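S.K.: below is the structure, and that's it, no one-letter string:
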């Protein structure tokens, strides 16, 4: 058991994640000192995970470490930025060495994959809460924004949204008897932020957002920021085989409103579609066209026999029932 | 009462603090986009305040907003950096409009003083916890580090350490009957980070740390990072008049171990002292020489009649008794 916060920081956080040459000063001073490459702007995002809100009580510590970084990697991916430096603010009821070791392992493994260095942080005592700040460069003028979509643009999503929400339901015992439960649980516990796809999309996409609160809710945020509406063709939704086993209607509801996917939802102008498909083959990069942007505000979801009622849901803290 | 997290963010955080021309994208996208000036490195720090740990339950919301930014301003000041951009991760039990309005007012007032823009954040539901990430440029190679002090350097502190700890004791009813209680409470509730002093010290100081855990504990961290020890002359400690009213011994103990001061503790080589005093007159800039760095590791505190026993204390999360 570490003697103090300072030993604890030394032990677990001093050499966590990738080692980067552009870190002049990392963990251990009053602030980190980082070299921003010339010609780039800095993308910076912060996200908090709270026990009992963003993950179940007693959740695996390596999953919490992975997800705390993944949700921020997903934010930077949605900007087309290259992640580089993370700050970790960790509030813990007690400094349990085993928990810290597993948490750090989950965080560090994902950090190394994406060449992210942990450059600083703060450990405090209190209810389990993890806040990660992630920074990284993106070429000036090339970032993907929520506000860039236009009427007529094609609407895409990466991966198979809905899996993570079903995985959480399985994890919490709210669903049972599903095949490939382990795969679905993993989609919640260890989501895959689309960091490479986000950067590759810069020349083609007009708008982009990451799917964290539910595909429909997040696509609507993109549409609103761009001053337009959207139509989703439910028959095109990329549903995983285990999700389809729930039946079409439930599977679609999970895909549209599930949350915790950390996929990218993006728009591409019609004149860019051929280049997009040629340069980033959809099967290889794992994305699917699901609809289009349209002038009328709001969202419309079309099924086999016409318009479907909008599913409710999408995660919103403090929303009133 | 706001309908949702998104309206709440819009209402309170979209135009909070200074407006800066180097913010390409602020609150409202997946990440902020910031322009780093050429020739500068980026200083970045994060600090968390937890209710019941870093401030008493029921503490004034404007003080929490002020302190959440101040503790980070103090970190950047200790690096000699110019603060520029903040991210705010706010975890709240409920979205109470009055609390949010006061919190934001406290945060924004201090942000405007230091020309800091709030560029992004995350609001989540859970136990009251505030995490601020602060970033800002410092000329490459000019930052103040903890590791730069040498044996023989003079040791300084800004302000009158100990006041904030007494203020907290008054706030919590652990102390009573002191004069100037309002002044002391204010030193805890609304600390003054030494942002201008930190930047001005860059040409003179060899090492610097901010005093958050207690002067002695933080001076020792600076000494350890620099591979030396230190001696403090207790008779030189800058004690405020209300602190002196506690009696010399208690006043010195508060000054050495109190915590929450957010003053700067810094070292200056002997050959720089004349320039320091000429360019930054101590009375005008509010700092005091309190001792020297020495070769023997650890700390020694000298009183009128020789060495004093080391006071215990200095805030350390997870420290074992």
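M.R.: Here it is on my side, so go on. Note that the structure is a prediction, hence the values are computed from the model and not measured. Numbers count the residues shown, from 1 in each chain, chains lettered A, B, ... in the order given.
S.K.: show me how chain A divides into domains.
M.R.: Following automatic domain parsing, one finds the domains of chain A at A:5-139, A:146-308.
S.K.: okay if I get these as a markdown table plus distance to chain B, mean pLDDT and mean neighbour count?
M.R.: Yep, even glycine has a C-beta here, placed from its N, CA and C like the rest. Below are those laid out as a markdown table (distance: least, C-beta to the nearest C-beta, whole Å; pLDDT from 0 to 100; neighbours: other C-beta atoms under 10 Å in any protein chain shown):
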| stretch | distance to chain B | mean pLDDT | mean neighbour count |
| --- | --- | --- | --- |
| domain A:5-139 | 4 | 94 | 22 |
| domain A:146-308 | 5 | 96 | 20 |
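S.K.: so which of these gets nearest residue B:227?
M.R.: domain A:5-139 (13.7 Å; C-beta to C-beta).
S.K.: for the nearest residue to residue A:209 once chain neighbours are set aside, what are phi and psi?
M.R.: Distances taken as C-beta to C-beta, 6 or more residues apart in numbering or on different chains put residue A:222 closest to residue A:209, at 4.4 Å, once the chain neighbours are dropped. Main-chain dihedrals, residue A:222, degrees, to the nearest 10: phi -60, psi -50.
S.K.: now do the helices in the stretch 51-200 of chain A.
M.R.: Per DSSP state H, counting those that start in this stretch, the stretch 51-200 of chain A carries helices over the ranges A:61-79, A:97-113, A:163-171, A:181-189, A:195-200.
S.K.: reformat these as JSON lines; add distance to residue B:296.
M.R.: Output for the helices of the stretch 51-200 of chain A, formatted as JSON lines (distance: least, C-beta to C-beta, whole Å):
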{"stretch": "helix A:61-79", "distance to residue B:296": "41"}
{"stretch": "helix A:97-113", "distance to residue B:296": "33"}
{"stretch": "helix A:163-171", "distance to residue B:296": "56"}
{"stretch": "helix A:181-189", "distance to residue B:296": "51"}
{"stretch": "helix A:195-200", "distance to residue B:296": "50"}
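S.K.: and these: which comes nearest residue B:216?
M.R.: helix A:97-113 (27.6 Å).
S.K.: counting by contacts, list what that closest one packs against.
M.R.: helix A:5-13, helix A:61-79, strand A:85-92, strand A:117-125 (3 or more C-beta pairs under 8 Å, 6 or more residues apart in numbering or on different chains; DSSP states H and E).
S.K.: wait, which of the helices of the stretch 51-200 of chain A is closest to residue B:63?
M.R.: So among these, helix A:61-79 is nearest, using C-beta to C-beta, at 28.3 Å.
S.K.: for the closest one, enumerate the helices and strands it packs against.
M.R.: Contacts defined by 3+ C-beta pairs under 8 Å, 6+ apart place helix A:61-79 against strand A:40-50, strand A:85-92, helix A:97-113, strand A:129-139, helix A:181-189, helix A:195-200, strand A:207-211, strand A:263-268.
S.K.: as a markdown table, the ones you listed with distance to residue A:232 would be great.
M.R.: What follows is the helices and strands packed on helix A:61-79, written out as a markdown table (distance: least, C-beta to C-beta, whole Å):
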| stretch | distance to residue A:232 |
| --- | --- |
| strand A:40-50 | 26 |
| strand A:85-92 | 34 |
| helix A:97-113 | 30 |
| strand A:129-139 | 28 |
| helix A:181-189 | 21 |
| helix A:195-200 | 20 |
| strand A:207-211 | 12 |
| strand A:263-268 | 10 |
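S.K.: can you say which of these is nearest to residue A:26?
M.R.: The nearest among these, by C-beta to C-beta, is strand A:85-92 at 8.8 Å.
S.K.: now do that closest one: distance to the chain's middle.
M.R.: Here strand A:85-92 is found 17 Å from its chain centre; the criterion is C-alpha atoms, centre = their mean, to the nearest Å.
S.K.: which strands border it, and is each parallel or antiparallel?
M.R.: strand A:117-125 (parallel), strand A:129-139 (antiparallel) (DSSP bridges).
S.K.: relative to the whole chain's centre, how far out is the last one?
M.R.: Average the C-alpha atoms of strand A:129-139, do the same for its chain, and the two points are 12 Å apart (C-alpha atoms, centre = their mean).
S.K.: that one to strand B:40-50, inter-axis angle?
M.R.: Orientation check (axes from the mean of the first three to the mean of the last three C-alpha atoms, to 10 degrees): strand A:129-139 against strand B:40-50 gives 160 degrees.
S.K.: hmm, back to that, reformat the domains of chain A as TSV; add distance to residue B:174.
M.R.: TSV is the format used below for these (distance: least, C-beta to C-beta, whole Å):
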stretch	distance to residue B:174
domain A:5-139	20
domain A:146-308	43
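S.K.: how about the ones you listed, which one is nearest residue B:173?
M.R.: So among the domains of chain A, domain A:5-139 is nearest, using C-beta to C-beta, at 22.1 Å.
S.K.: and the helices and strands packed on helix A:61-79: which comes nearest residue B:101?
M.R.: That would be strand A:40-50 among these, by C-beta to C-beta, at 21.3 Å.
S.K.: what residues are bridge-paired with residue A:306?
M.R.: Residues in beta-bridge contact with residue A:306 (DSSP bridges): residue A:303.
S.K.: wait, residue A:288
M.R.: Beta-bridge partners, per DSSP bridges, of residue A:288: residue A:157.
S.K.: I figured it hits residue A:235, correct?
M.R.: No - with contacts counted by C-beta atoms under 8 Å, residue A:288 stays clear of residue A:235, the gap being 11.4 Å.
S.K.: got the phi/psi numbers for residue A:285?
M.R.: phi -90, psi -10.
S.K.: is it in contact with residue A:198, as I believe?
M.R.: No - judged on C-beta under 8 Å, residue A:285 makes no contact with residue A:198 at a distance of 10.9 Å.
S.K.: do you know how far residue A:230 is from residue A:279?
M.R.: Computed as C-beta to C-beta, to the nearest Å, the residue A:230 to residue A:279 distance reads 24 Å.
S.K.: can you check residue A:51 too?
M.R.: Counting by C-beta to C-beta - residue A:51 and residue A:279 are separated by 42 Å.
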